[in-house]
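Colleague: Sequence and computational prediction follow.
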Amino acid sequence: MRGLEHLSTLIKWKGTPGVGDFMYGLNVAHFNAYLLNKPVTLEINWFWNVKEQYHFEDPELTIERLEYIHNFYKDQHMVNVEHVFESKDHKVYTHITRGATERLVRASHAAKFAYNNYWHFRDDCHLKPLPTDKNKIVFWRDTFNADIVRKWKRLIDHKEWDHMIHNFEMNGFDPVELTYRTPVREAMYHINTAKMVVCYDGLWHYIAKNFHKPLIVISRSAITRLHTPEALTLDEKDALHYSQNFGAVKKRDIIFPHVHRIDRNNWPNKRMRILGDGFTQLNKRINLYKEKCIDWHEQAKEFTSRQSSN
């Protein structure tokens, strides 16, 4: 299986204030540990003083968020996180990682199919939602972020976000909005017990990914499809229309081989439409991707086991 020669037991990673960035590294490290069947060291290089708040209103340190979230990972003991404070590693700063892992996350067969960042939280971490949570949708936008996010992440403005959230309310859902300054324990709880998640590309999206929550991301970037290929991506033209008609039972596409590169790689020439409301279709899409990843991981594990025994 092309690309698996880049697996490594030492991964150097760039630490940023973003939760998604360090969870991306954790997922890649657990992917390596699973296929190698060996403990992996994730060396996170910090280029700013992570021992202090990035912004004075932050509820906790980035490193505290990392440690808290990693406790929920399946096979958490297989990845040892080490920190390099005030790092001077220019290659890691420029490329987020370096060495063999750089090829694994950018140019390998696993990266092409977005299998190299697929991982999950332990089964016992999944909470049973309370009756009051049965229609809960979790949202987040870039409001109150410490830094202004990239333009491609801001396809709709705050007024349009308000309009879209209102549309979901009109479809019978109960919105809960998270922000950059939501404490990590609260964010984990709400995403864990939500029916689905609607967000911009960033912030808590890897938590939703690792809980395998039905996910809508407002984006038209290929970056989104590499990080969360299981998500339905909507651009600024479709977001309001889709949310307004979310409860309608009708046939919709859930696989887009002519538009989404990840879909084209996984399901070539297979366009899939199913009948149901929006949630049914999102759930079907994420389950298809989950099954595909698990199947590929098992094949890759068998392959690497044979290679190591030869």
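Modeller: That came through, no problem.
Colleague: For M188, which non-adjacent residue is closest in space?
Modeller: Counting by CB to CB, 6 or more residues apart in numbering, M188 lies nearest to I207, which is 6.3 Å off, once chain neighbours are set aside. Where you see a C-beta, it was placed from the backbone N, CA and C, and this is true even at glycine.
Colleague: Going by secondary structure, that neighbour is in what exactly?
Modeller: Using DSSP states H and E, I207 falls within helix 205-210.
Colleague: Could you do I137 as well?
Modeller: Here I137 is assigned to strand 136-140, by DSSP H and E.
Colleague: Which elements pack onto the helix or strand following that strand?
Modeller: The helix or strand immediately downstream of strand 136-140 is helix 158-170, counting by DSSP H and E. If you count contacts as 3 or more CB pairs under 8 Å, 6 or more residues apart in numbering; DSSP states H and E, helix 158-170 packs onto strand 136-140, strand 174-178, helix 239-244.
Colleague: Most tightly packed of the ones you listed?
Modeller: strand 136-140 (a mean of 23; mean count of other CB atoms under 10 Å).
Colleague: What helices and strands are in contact with the helix or strand following the helix holding I207?
Modeller: Proceeding N to C from helix 205-210, the next assigned helix or strand is strand 215-218, under DSSP H and E. Contact analysis of strand 215-218 by 3+ CB pairs under 8 Å, 6+ apart lists strand 196-200, helix 205-210, strand 232-234, helix 278-309 as its packing neighbours.
Colleague: mind checking which of these is nearest I254?
Modeller: Closest approach to I254 among the helices and strands packed on strand 215-218 is made by helix 278-309 (4.3 Å; CB to CB).
Colleague: and the closest one with helix 158-170, angle?
Modeller: 100 degrees (axes from the mean of the first three to the mean of the last three CA atoms, to 10 degrees).
Colleague: Stretch 180-199: which residues count as buried?
Modeller: 180, 182, 184, 187-188, 190-199 (16 or more other CB atoms under 10 Å).
Colleague: what domains does the record give for this protein?
Modeller: Following automatic domain parsing, one finds the domains of the chain at 4-112, 127-296.
Colleague: who wins for proximity to Q307 among those?
Modeller: domain 4-112 (7.8 Å).
Colleague: Could you check how far that closest one is from the centre of its chain?
Modeller: Domain 4-112 sits 14 Å away from the centroid of its parent chain (CA atoms, centre = their mean, to the nearest Å).
Colleague: what distance separates the start and the end of that domain?
Modeller: Using CA to CA, to the nearest Å, the end-to-end distance of domain 4-112 comes to 12 Å.
Colleague: How far off centre is the strand holding I137?
Modeller: 15 Å.
Colleague: could you check the angle strand 174-178 makes with that strand?
Modeller: 30 degrees.
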